[in-house]
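Participant: here is the input, now give the coordinates:
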Amino acid sequence: MDENNRLMDDDYLPDNIQECHKVIRDLRAEVTRLAAIAETVSLLQQRVAELEKQVRRRNRKIFGQSSAKVPAESLTGTGKTVYDSYQPNIDAERAALQIVPEESAHGGGGRNIPKAGTVPRTIEHKITDPAKLACPCCGNPRLVFGFKVSQQLDVIKTAFELLKHIEYKYSCPSCDGQVIEASKPYQPIDKGLPAPGLIAHVAVAKFDWHLPLYRQQRIYLAQSVSIARSSMCRWLKEGADLLRVVVERMRKLALSSRLLQSDTTTMPVIKNGLGKTHKGCTWLTRNERYIIYDFTEHENGEHAERLLAGFTGILLTDGAAEYNGVIKKGATRAGCSAHAFRYLEDARKDDPEQADAAIAIFKRLFEIEEIGATLSEEERLALRQRQSKPLLADLRIWLDKQLETHLPKSALGEAVTYLNNQWDALCVFADTGFVPMHNNASENGLRPAVLGRRNWLFAGSVDGGHSAAVWMSLVHTCRLHSINPFEYLKDVLTRLPSASTADIDQFLPDRWKALRENSPT
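Facilitator: Residues are numbered from 1 along each chain as shown. Just a heads-up that it's a prediction; the model follows:
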């Protein structure tokens with residue numbers, strides 16, 4: 001039997017030492033080759049799993065709901081058991097506080113006729129033709145005996161007003177000289193074309209309605225008013241330079257508060273000389289009174305230290321490393337449970353049995369926060385100590401078990417690692433009555449920046465990014481206090497140029513609203 005046939009015969013065994021050694025060497029080589037292939041396959045499987053996880057997150061970010069929600073009905077196994085076990089405690093708290101679960105309100109149909117902001121106009125429809133008014137029975141003209149009323153909503157184009165300032169000069173007819181002049185008020189842009197209302201309108205259209213300047217230019221041109229984009233860009237910069245003192249005052253007051261929330265998002269910006277965009281950063285800092293935006297060329301921790309310099313209260317973030325310097329300088333880190341929940345939601349795709357157990361605990365923690373939403377700070381703290389602390393203790397037990405069994409690179413491993421690294425920060429809320437359990441308010445506050453980014457595409461310059469931050473701070477702080485941004489900006493741009501530094505506080509959005517509400521007129 002030749003060598004090839006012997007190798008193909010499964011029953012063949014070598015009958016000499018040399019062939020035996022050769023077979024052993026061949027088998028060792030084959031084992032080594034197969035081990036290398038197995039390692040490559042394992043690495044590729046891990047890579048595929050990682051890419052699938054990234055695709056799921058990206059698809060949810062683009063096409064799905066941004067909030068992480070797992071219906072209680074979808075929990076299975078241990079998760080359902082854990083969730084159901086806490087129901088008596090939740091029911092007892094609701095009963096003690098006399099909270100009745102609200103039924104979802106039906107949206108209804110029909111239409112709502114807006115009352116405020118409209119100018120009523122009555123159009124009467126009459127029959128004036130004598131032939132039509134003649135009664136077919138007797139021929140006498142028919143008389144009005146009633147009417148029916150219906151309503152429609154119409155629109156008229158924006159009215160632009162050309163203001164002509166005439167500054168009269170006065171002199172004494174009996175003396176030479178002694179001339180005085182009636183001067184117009186200081187303007188937001190000295191010797192400029194735009195009045196305060198026009199600057200406010202352009203700013204609100206861009207930073208509240210997210211209309212790029214080229215689109216505004218087309219809208220105004222359709223109304224027979226030609227305004228160049230370059231002019232509007234210059235107006236926004238000069239207006240921001242004027243208003244920056246108000247935003248800096250907001251920042252100073254915010255830094256003295258006991259709690260700040262912060263988050264970041266990217267903002268493409270064109271740098272002079274590059275001819276292309278690079279990734280800038282929009283920072284949001286907020287408390288219960290003010291929302292402050294900042295723009296920087298990079299997302300570095302040094303910017304967070306500069307923007308939050310001197311803050312020693314509680315800083316609620318998603319755990320980003322950019323804030324580590326602020327924490328080292330005296331602030332206390334608080335964590336975002338919603339961020340942790342999203343990690344668990346991603347892990348649920350791969351290991352629902354284990355992930356659901358932690359998700360069930362988080363869902364009950366969120367329910368406790370809903371119960372405490374209307375309570376005083378002291379009552380909310382007592383509720384958290386009574387109900388949230390035991391839940392966190394159970395979550396810690398689950399976490400310690402998972403740390404021993406799950407690989408850090410798996411989806412559940414990433415969730416477990418995040419929870420473990422952020423554990424102390426995630427528990428801060430339970431020992432206070434004023435720290436939120438999550439940072440959703442900051443994330444929601446960045447939505448205008450994201451919407452604007454999709455419409456503007458980029459900031460035209462670094463200075464443009466700084467100007468945008470000023471306008472967004474004022475516009476969205478107005479929204480926080482239910483203030484009409486146009487009315488606020490028009491009034492501030494009118495009065496601020498002639499105001500002294502000591503009067504800046506009256507232009508803070510919350511103070512401005514209070515003064516308006518307390519004004520007798």
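
Participant: next SSE after the lengthiest strand in the chain?
Facilitator: Counting residues, the longest strand found in the chain (DSSP state E) is strand 259-270. Next helix or strand after strand 259-270 toward the C-terminus (DSSP states H and E): strand 277-286.

Participant: what residues does that following strand touch?
Facilitator: Residues from elsewhere that reach strand 277-286 (CB atoms under 8 Å, 6 or more residues apart in numbering): 251, 254, 260-271, 291-299, 303-304, 307-308, 441-442, 445-446, 449, 458-459, 462, 465, 469. Glycine gets a C-beta too; all of them are placed from N, C-alpha and C.

Participant: buried stuff in it?
Facilitator: 280-286 (16 or more other CB atoms under 10 Å).

Participant: next, the angle from it to strand 259-270.
Facilitator: Interaxial angle, strand 277-286 versus strand 259-270 (axes from the mean of the first three to the mean of the last three CA atoms, to 10 degrees): 160 degrees.

Participant: hang on, the earlier thing: mean confidence for the longest strand of the chain?
Facilitator: For strand 259-270, mean pLDDT is 88.

Participant: now swap in stretch 419-437 and tell me
Facilitator: 95.

Participant: pull out the CA atoms of it and give them to me as CSV.
Facilitator: Provided in CSV are the C-alpha atoms of stretch 419-437 (Å, rounded to 0.1, in the frame of the first residue of the first chain):
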residue,chain,number,x,y,z
LEU,A,419,-22.2,50.1,38.3
ASN,A,420,-19.3,49.1,40.4
ASN,A,421,-17.1,52.0,39.4
GLN,A,422,-19.9,54.5,39.9
TRP,A,423,-21.5,52.9,43.0
ASP,A,424,-20.8,55.6,45.6
ALA,A,425,-21.9,58.3,43.2
LEU,A,426,-25.1,56.4,42.3
CYS,A,427,-26.0,56.1,45.9
VAL,A,428,-25.6,59.8,46.8
PHE,A,429,-29.3,60.7,46.0
ALA,A,430,-30.6,58.3,48.7
ASP,A,431,-28.9,60.3,51.5
THR,A,432,-30.4,63.6,50.3
GLY,A,433,-33.8,65.0,49.5
PHE,A,434,-32.8,67.3,46.7
VAL,A,435,-30.4,65.3,44.4
PRO,A,436,-32.2,63.7,41.5
MET,A,437,-31.7,60.0,40.8
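
Participant: list the buried residues in that stretch.
Facilitator: 419, 422, 425-430, 432-433, 435-437.

Participant: could you do stretch 391-408 as well?
Facilitator: Neighbour-count burial for stretch 391-408, counted by 16+ other CB under 10 Å, picks out 391-392, 394-395, 398-399, 402, 406.

Participant: pull up the gap between the most centrally placed residue in the chain and N89, please.
Facilitator: Residue closest to the average C-alpha location in the chain (CA atoms, centre = their mean): N444, at 2.4 Å. N444 is 29 Å from N89, where distance means CB to CB, to the nearest Å.

Participant: now W512
Facilitator: Distance, W512 to N89, by CB to CB: 45 Å.

Participant: those two: which has the busier surroundings?
Facilitator: It is W512, of W512 and N89, that has more neighbours when counted by other CB atoms under 10 Å, with 20 against 16.

Participant: ok, then the element right after the strand or helix carrying Q216?
Facilitator: Following DSSP H and E, one finds Q216 within helix 213-222. As assigned by DSSP H and E, the chain's next helix or strand after helix 213-222 is helix 229-255.

Participant: what strand or helix carries P194?
Facilitator: Secondary structure assignment for P194, by DSSP H and E: no helix or strand.

Participant: surely it meets W235?
Facilitator: Yes: between P194 and W235 there is a contact at 5.3 Å, judged by CB atoms under 8 Å.

Participant: where exactly do the helices run in the stretch 1-150 of the chain?
Facilitator: Using DSSP state H, counting those that start in this stretch, the helices of the stretch 1-150 of the chain run over residues 3-8, 17-62, 77-85, 87-96, 130-133.

Participant: tell me which of those helices is the most buried.
Facilitator: helix 77-85 (a mean of 16; mean count of other CB atoms under 10 Å).

Participant: tell me how far that one lies from the chain's centre.
Facilitator: 33 Å (CA atoms, centre = their mean, to the nearest Å).
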